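1. Predicted coordinates and the sequence they were generated for:
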Number of protein chains: 2
Amino acid sequence: MAADLSAPIFSTRAGLVTLGPELVGLRTLLEAEFLRWAGECGARPMLFPPLMRVEDLDRFDYFRNFPQLPLMVAGIRSECLHDVSARGVPLQAIPAGDLATAVYTLPSAACYNIYLHFEKTVLDGPLYVTTVAHCFRNEQRYDDLRRLWGFTMREIVCLGTHDEVQAHLVRFKKRVLGFGERLGLELSVETGSDPFYQPQSPRARMQQVFPQKEEFLYDGSVAIASVNFHRNFFGERCAISTPDGEAAFTGCVAFGIERWLHALLDRFGQDPAAAAAAVADGGFDA
Amino acid sequence: MAADLSAPIFSTRAGLVTLGPELVGLRTLLEAEFLRWAGECGARPMLFPPLMRVEDLDRFDYFRNFPQLPLMVAGIRSECLHDVSARGVPLQAIPAGDLATAVYTLPSAACYNIYLHFEKTVLDGPLYVTTVAHCFRNEQRYDDLRRLWGFTMREIVCLGTHDEVQAHLVRFKKRVLGFGERLGLELSVETGSDPFYQPQSPRARMQQVFPQKEEFLYDGSVAIASVNFHRNFFGERCAISTPDGEAAFTGCVAFGIERWLHALLDRFGQDPAAAAAAVADGGFDA
C-alpha cells in the first residue's frame, strides 16, 4: 500500500478509532462551533485530569449502578517487573495477577470532574463551564463511529438554581435542534431516564414535568447529543450551594463528537469536505 | 469559596492537572502555533486511539526496557461485578484480584501509533504526520506542571530516508530554538540517549555524528521539547519501507504541552495574558 491520500478517512478496530486529516479538520470545525455556543452562555473552558479516582466515581454511585462500565488503570506490581521485563516470548496481555491495585479509572463522562472540582463552593450566581474529555465505557459490542469504547465528549454544564439549569437545557435543546435542522440531520428527540439520578424523595413529581434526559437521535438510533437534568444530585454529593444556601442543581448538554462525525458523513455521502462546508454554514441562525 | 475568577489558573494533584480558562486559552494558542509549523512541512494531522494494545507496545521492546512506566487498563472481572456493586462501604480502590486481564495500555508517547498505523506501507517519498495524545508514565514522583503522570504530547513525525529524517530534525531544532529565543525562554540543548533505540549493529558509529535525542531545556532542567532520531527502528519493526525498499528511518519533534505552560508562566510572571501575547507575537520569524 502506498501512503497516499486515498487512505480511508477513518478506521475503527475493537471500539477504537483512527481519524485521518479530513475528519480531524471536521472535528475541529465542530468543536469550534460548540465552543462558540459555550462562549455565548459565558461558559468557562476548562480541562480536567484524564484519570479519575475510584473513590470519586464511587461517590456518584457509579460502581453501584454500572460496575461493568468503568475501566480501571494500574501499573505492574513492583515484584512482577523483572519477570515482565525478562519474558522471552511476545506479550499479549498483562495478567491480572501482575497488576497493582487500581486507585484510578478512566472517565466515563466529561462533566463529573466539574462537580468534583467545585466541591464545597458557594455559587454567586449560575456558573457555566465547558470541557472536553476522552471517555471510556466497556460495552458489550462496538459499532464503528456509532458506538466506541473510547470516545470524545464535549459538555456545556450549568450549576445553579433549578430554574437556571432548566433555562440552560431549554436553550440548548432549541440550539441543537436548530443546528441539526440547518444541517439536514432530521434529529428526533427521545426522552430517557438515567438510573443514576433516580429521585428518592417527593421531588419525584418533578420528573413528570422535566425529563431527566432528552437524547437527539440521528437516523432514529444514534444519540449524537443529549440534555441532562441531574436535579441537585451532584450539588448534594459535592456540597455545591446556590447563594441562598440550597444544594445547587446541575444540568449539561453533551455532544458525542465521533457520533457527529458519523451523522455528518452519512448525511453528506461520506464526503468530509461537503460536511465541513455545511458545518461552517450551518452554525449561524437564519 | 466563591466560584469566581480569582480561582487558581491551574492546580495539580498526584501528577494530574486541572487547567482554568486562561491556560486552556494559552494551550490553544501554542497548539495552533505547532500545527502551523506542522502544516508548513506538509504534515497530515491525524488522531489515533487513546489506548494501545499491550502486544503493540511490546513490539517496541517497551516492557523489556521500561516495565515500570506503562499504565494498563482493565475492567472488573464479570464474576466480581456483583460484589463490587453491592459493597456497602465506600470504594477506595479496585483490588487487583477483581480486575480482568489487561490487553490494553495508555499511550506513553504520541508517535508509536503512527508507526503502527503505517505498518506494511511502502512510502512514495517522505511522509510527515502530526498528532497529539494524552500520554502517561508512572514516575517515582511528580512535580507540578514540570512532571505529570498524565500529560499532553504534540508530535510532528517524519518517515523517510536517513537524510529526509535528519533534515526534518535539523529544521525543527532551528525552529524550536528560534521560537524559544523570541519568547525569551533561553533554552539550552542537552544531548540524550534512549535505551529504547540502542544500536545493535555497525550503525552504532552513526550515533557519534547524529545524536538520538536532543532535549530543549527551560531553566536548565525542564525538557519542553525534543528532537528524536529513531534510526530505522520503527521502520524495521513495522515493515515500513522507503521507495527503494529499505526500512524507513523515522524521527520526531515532540512538545510537552504542560511543560510549555510551565515555562511560559515562569517566564512571564505567572501572567497567562502576557504569555499569550508573547506566543501570538513570537510565532513569526523576524
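-> Right, received. Where do you want to start? Since the model is a prediction, treat every value here as computed from it, not as a measurement. Numbers count the residues shown, from 1 in each chain, chains lettered A, B, ... in the order given.
2. For residue A:145, give me its contacts.
-> Taking C-beta atoms under 8 Å, 6 or more residues apart in numbering or on different chains, we find residue A:145 in contact with A:10, A:12, A:17, A:258-259, A:261-262, A:265. Glycine gets a C-beta too; all of them are placed from N, C-alpha and C.
3. near chain B too, which of these?
-> With C-beta under 8 Å from any C-beta of the partner chain as the criterion, these include residue A:17 near chain B.
4. I'd like to know which helix or strand in chain A has the lowest mean pLDDT.
-> One helix or strand of chain A scores below all others by mean pLDDT, DSSP states H and E: helix A:204-209, with a mean of 44.
5. ok, then the element right after it?
-> Beyond helix A:204-209 in the direction of the C-terminus, DSSP states H and E gives the next helix or strand as strand A:213-218.
6. what lines up beside that next one in the sheet?
-> In the sheet, strand A:213-218 lines up against strand A:188-192 (antiparallel), strand A:222-229 (antiparallel) (DSSP bridges).
7. Of those strands, which stretch is the most buried?
-> Among the strands paired with strand A:213-218, strand A:222-229 has the highest mean neighbour count (mean count of other C-beta atoms under 10 Å in any protein chain shown), at a mean of 23.
8. and for that one, what are the contacting residues?
-> The contact list for strand A:222-229 (C-beta under 8 Å, 6+ apart) reads A:146, A:165-166, A:169, A:172-173, A:176, A:185, A:187, A:190, A:192, A:194, A:210-218, A:249, A:251-256, A:259-260, A:262-263.
9. let's see 7 Å
-> Contacts to strand A:222-229, defined as C-beta atoms under 7 Å, 6 or more residues apart in numbering or on different chains, come from residues A:146, A:165, A:169, A:172-173, A:176, A:210, A:212-218, A:251-256, A:259-260, A:262-263.
10. Just give me the residue closest to the centre of chain A.
-> Residue closest to the average C-alpha location in chain A (C-alpha atoms, centre = their mean): residue A:153, at 3.2 Å.
11. Name the nearest residue to it, sequence neighbours excluded.
-> Leaving aside its chain neighbours, residue A:153 sits nearest to residue A:110 (4.4 Å; criterion: C-beta to C-beta, 6 or more residues apart in numbering or on different chains).
12. now swap in residue A:64 and tell me
-> Leaving aside its chain neighbours, residue A:64 sits nearest to residue B:85 (5.5 Å; criterion: C-beta to C-beta, 6+ apart).
13. That neighbour should be in a helix, yeah?
-> Yes - assigned with DSSP: H, G, I helix; E, B strand; the rest coil, residue B:85 falls within a helix.
14. gap between it and residue A:69?
-> In this view, residue B:85 and residue A:69 are 11 Å apart by C-beta to C-beta, to the nearest Å.
15. quick one: residue A:21 and residue B:44 touch, right?
-> Yes - counting by C-beta atoms under 7 Å, residue A:21 touches residue B:44, with 4.5 Å between them.
16. Helices along the stretch 101-250 of chain A, start to end?
-> Under the criterion DSSP state H, counting those that start in this stretch, helices of the stretch 101-250 of chain A are mapped to A:112-117, A:162-182, A:204-209, A:233-237.
17. mind checking which of those helices is nearest chain B?
-> The minimum distance between chain B and the helices of the stretch 101-250 of chain A falls on helix A:112-117, with 6.1 Å, by C-beta to the nearest C-beta.
18. contacting residues around that closest one?
-> Counting by C-beta under 7 Å, 6+ apart, A:48-49, A:52, A:56-57, A:60, A:107, A:129, A:131, A:157, A:234, A:238, A:240, A:250, B:18 sit against helix A:112-117.
19. If I average pLDDT within each of the strands paired with strand A:213-218, which one is lowest?
-> Among the strands paired with strand A:213-218, strand A:188-192 carries the lowest mean pLDDT, a mean of 92.
20. So what's the gap between that one and the chain middle?
-> Offset of strand A:188-192 from its chain centre (C-alpha atoms, centre = their mean, to the nearest Å): 17 Å.
21. quick check: angle from it to helix A:162-182?
-> For strand A:188-192 against helix A:162-182, the angle by axes from the mean of the first three to the mean of the last three C-alpha atoms, to 10 degrees is 150 degrees.
22. contacts for strand A:188-192?
-> Contacts for strand A:188-192 (C-beta under 7 Å, 6+ apart): A:211, A:213-217, A:220.
23. likewise stretch A:55-75?
-> Under the criterion C-beta under 7 Å, 6+ apart, residues A:51, A:99-102, A:104-106, A:108, A:112, A:116, A:136-138, A:195-196, A:237, B:71-76, B:81, B:84-85, B:90-92, B:94, B:96, B:99, B:106, B:138 lie in contact with stretch A:55-75.
24. buried subset of the contacts of strand A:222-229?
-> A:146, A:165, A:169, A:172-173, A:176, A:212-218, A:251-256, A:259-260, A:262-263 (16 or more other C-beta atoms under 10 Å in any protein chain shown).
25. What residues does the stretch 101-250 of chain A have near chain B?
-> Within reach of chain B by C-beta under 7 Å from any C-beta of the partner chain, the stretch 101-250 of chain A has these residues: A:101-103, A:106, A:117-118, A:120-124, A:127, A:134, A:138, A:150.
26. Please repeat the previous calculation with a cut-off of 6 Å.
-> For the stretch 101-250 of chain A, the contact set with chain B under C-beta under 6 Å from any C-beta of the partner chain comprises A:101-103, A:121, A:123-124, A:127, A:134, A:138, A:150.
27. ok, which pair from these is furthest apart?
-> A:101 and A:124 (40.4 Å; C-beta to C-beta).
28. quick one: which of those two has more around it?
-> When residue A:101 is set against residue A:124 and neighbours are counted by other C-beta atoms under 10 Å in any protein chain shown, the residue ahead is residue A:101, at 17 against 11.
29. pLDDT score for that one?
-> pLDDT, residue A:101: 97.
30. Then residue A:193?
-> Note for residue A:193: predicted pLDDT of 68.
31. Ok, residue A:282 next?
-> Residue A:282 carries a pLDDT value of 79.
32. you'd agree it is up against residue A:183?
-> Yes - contact criterion C-beta atoms under 6 Å: residue A:282 and residue A:183 qualify, at 4.7 Å.
33. For the residue nearest to the centre of chain A, name its beta-bridge partners.
-> Beta-bridge partners for residue A:153, by DSSP bridges, are residue A:133, residue A:256.
34. Would you check how far apart residue A:191 and residue A:221 are?
-> For residue A:191, the distance to residue A:221 - C-beta to C-beta - is 15 Å.
35. now do residue A:168
-> From residue A:168 across to residue A:221, the span is 27 Å (C-beta to C-beta).
36. Between these two, tell me which one has more neighbours.
-> The neighbour comparison of residue A:168 against residue A:221 (other C-beta under 10 Å) goes to residue A:168, with 26 against 10.
37. tell me the contacts of the more buried one?
-> Counting by C-beta atoms under 6 Å, 6 or more residues apart in numbering or on different chains, residue A:168 touches A:158, A:251.
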